[in-house]
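Student: fold the following.
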Amino acid sequence: MTVIRNPIYSSHRSSHSHSLSPSTEKNRVLPAPDQPIAKKMGGDISVLDQNILYICNKMHSLKTKLSPKEFIHAFVISAEPKVSYLRRHWAQPKGINSTMALVDVIGHEIKKTPSGREAWATFIQQEAIKILQSEEPPRGNYPVGGFHSSASVNQDFFTLEEKEAHSTQLVKHMPFLYKTLMGILNPNNMVFPVEPEESPSSKNNNPEGAAREDIPEDIASIAYEDLHQGPEGHHCRLETVVKTICAMVAFSRNRRNNGLQLHNAVRFFSCGISERVQEYMN
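Tutor: Sure, this is the predicted structure:
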């Protein structure tokens, strides 16, 4: 059996200098400026990079030459049991963090050029669409599904607790859309203090000086006065926007997810808003 020795390691055992072979020296690639440099050994190139170059040269010297990208691609998609065994931890809890770190550094390399950034954005967009298409509330009648019949709802349907329960169900079954929108509107979970301001009409809205806690919570969403102020109020307003968008998307994809629409339709009709809008539009 022929034993192939690594010339990088064997050079350290000899009395010669630690120079690389001509082919290795010619193809030498130094670490990227923004990446940590491994411990140097035998010159101005790290041990890790020496190993990388040695492996790349070996793949290039094969009869069927393999580039690094071709090797990684074949390694990932190979159905050979011995090869798939080597990547058995890639998608498991034991190895998922390092796998995602690999994806991150590949993305970092791709985004160095305008064409790379465009290709990466297209790839991420396609993956996001696939995830969003896979998320939707379960089908069927509420509470098993998202359908509410106007013939079966009662006054409890319009309580704040029931509205929150419906919103919670939407967030539970559409987490990717919810987290994406919250990340856009409130990056890094930033809290923006909001100084409470007394609106000019606040006295007219509350002529008797009633305390905020005396105002029923179930009319908070339709009151003219902002009942949510301060940092908590800012987050509450963002959540309301995001949950409304989630409800609209769910209804657009399946009109039987009609909780928000039925809730608004009944309230607007009872307030006479529907008739006034009809008269205005016609």
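Student: identify the bridge partners of N141.
Tutor: F147 (DSSP bridges).
Student: ok, longest helix in this protein?
Tutor: The longest helix of the chain (DSSP state H) is helix 230-253.
Student: got the buried residues for that one?
Tutor: 234-235, 238-239, 242-243, 245-247, 249-251 (16 or more other CB atoms under 10 Å). No exception for glycine: its C-beta is placed from N, CA and C like everyone else's.
Student: equivalent analysis for stretch 55-70, please.
Tutor: Counting neighbours by 16+ other CB under 10 Å, stretch 55-70 gives 56-57, 66 as buried.
Student: which of those residues lies closest to K130?
Tutor: L66 (30.3 Å; CB to CB).
Student: now the closest one. Nearest residue, chain neighbours left out?
Tutor: M59 (4.2 Å; CB to CB, 6 or more residues apart in numbering).
Student: how about that neighbour, secondary structure?
Tutor: helix (DSSP: H, G, I helix; E, B strand; the rest coil).
Student: low-confidence bits of this protein, can you list those?
Tutor: 1-43, 189-231, 270, 272-282 (pLDDT under 70).
Student: what ranges do the helices span in it?
Tutor: Using DSSP H, helices in the chain cover 7-13, 22-26, 47-60, 68-77, 81-86, 96-110, 114-134, 160-173, 175-185, 202-205, 230-253, 259-270, 273-281.
Student: which residues does M174 contact?
Tutor: By CB atoms under 8 Å, 6 or more residues apart in numbering, M174 lies in contact with 135-137, 246, 249-250.
Student: phi and psi next, for it.
Tutor: Geometry field for M174 lists phi and psi as phi -130, psi 50, criterion degrees, to the nearest 10.
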